[in-house]
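1. Below are the sequence and a predicted model; questions follow.
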Amino acid sequence: MLKPSTSFLFLFTPLAAIAQQAVYEVPGLFGECLPIYASAGQTLTLYQSPDLDSERMVIPYGEGWNIPYIKSERLTRVISFGEVELLSDQNLLSCEPLPEGGQTQLSAGERLTYMYYLGEGMAKVLFGDSVCGMDIIDARVLAFPDVQPWIKVLYRDGSSPGWLSNDGSQTTVAGLRC
């Protein structure tokens, strides 16, 4: 399995201010459309920062109420990477930076570091020091990454009571805005 290199982590992970260790952070959440989230219960447990180790607070909230947030104030934290094995030959997509020698063609049986799922069968993987897209449908997941999606909840006046760990335990999807 390819392991993240020290230079990769240094270049892409400035996380000193966050207590809970993450190996990678990505601004935003994934998917083509903007989900409209609603509360699944009578309260929301929020955090002072997008970190399960930060101070928590519980606020009253109506079940089924929409949860307002700003699209740009979403964050995905990858706590640990997973691993995938290719089931067929495949070209990696949109590699940043381009792998040494421009090689993006991989063979069946190769294993890659699974960073996070993007949606619609696509994932981000680590290939050397390059972050690339790949069709996850043609791969066997050996270990899933530990990923935390966060949204900053808003009040009507635009202020925020805190961050919601959007793991699906407190929310339902009430619709999509595309």
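-> Now that the structure is in, tell me what you want to look at. Numbering: from 1, shown residues only.

2. could I have stretch 133-142 exported to CSV, CA atoms only?
-> Written as CSV, here are the backbone C-alpha positions of stretch 133-142 (Å, rounded to 0.1, in the frame of the first residue of the first chain):
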residue,chain,number,x,y,z
GLY,A,133,-9.7,11.0,-8.8
MET,A,134,-10.7,7.4,-9.6
ASP,A,135,-13.7,5.3,-10.4
ILE,A,136,-14.2,3.5,-7.1
ILE,A,137,-16.7,1.1,-8.7
ASP,A,138,-13.8,-0.7,-10.3
ALA,A,139,-12.1,-1.2,-6.9
ARG,A,140,-12.5,-3.4,-3.8
VAL,A,141,-12.5,-1.4,-0.6
LEU,A,142,-10.1,-3.0,1.8
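
3. how about it: buried residues?
-> 134-136, 139 (16 or more other CB atoms under 10 Å). In this view, the C-beta of every residue, glycine as well, is placed from N, C-alpha and C.

4. repeat for stretch 68-88
-> Within stretch 68-88, the residues that count as buried by 16+ other CB under 10 Å are 69, 73-78, 81-84, 86.

5. Dump these to TSV, plus secondary structure.
-> Supplementary listing: the buried residues of stretch 68-88 in TSV, determined by DSSP: H, G, I helix; E, B strand; the rest coil:
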residue	secondary structure
Y69	strand
E73	strand
R74	strand
L75	strand
T76	strand
R77	strand
V78	strand
F81	coil
G82	strand
E83	strand
V84	strand
L86	strand
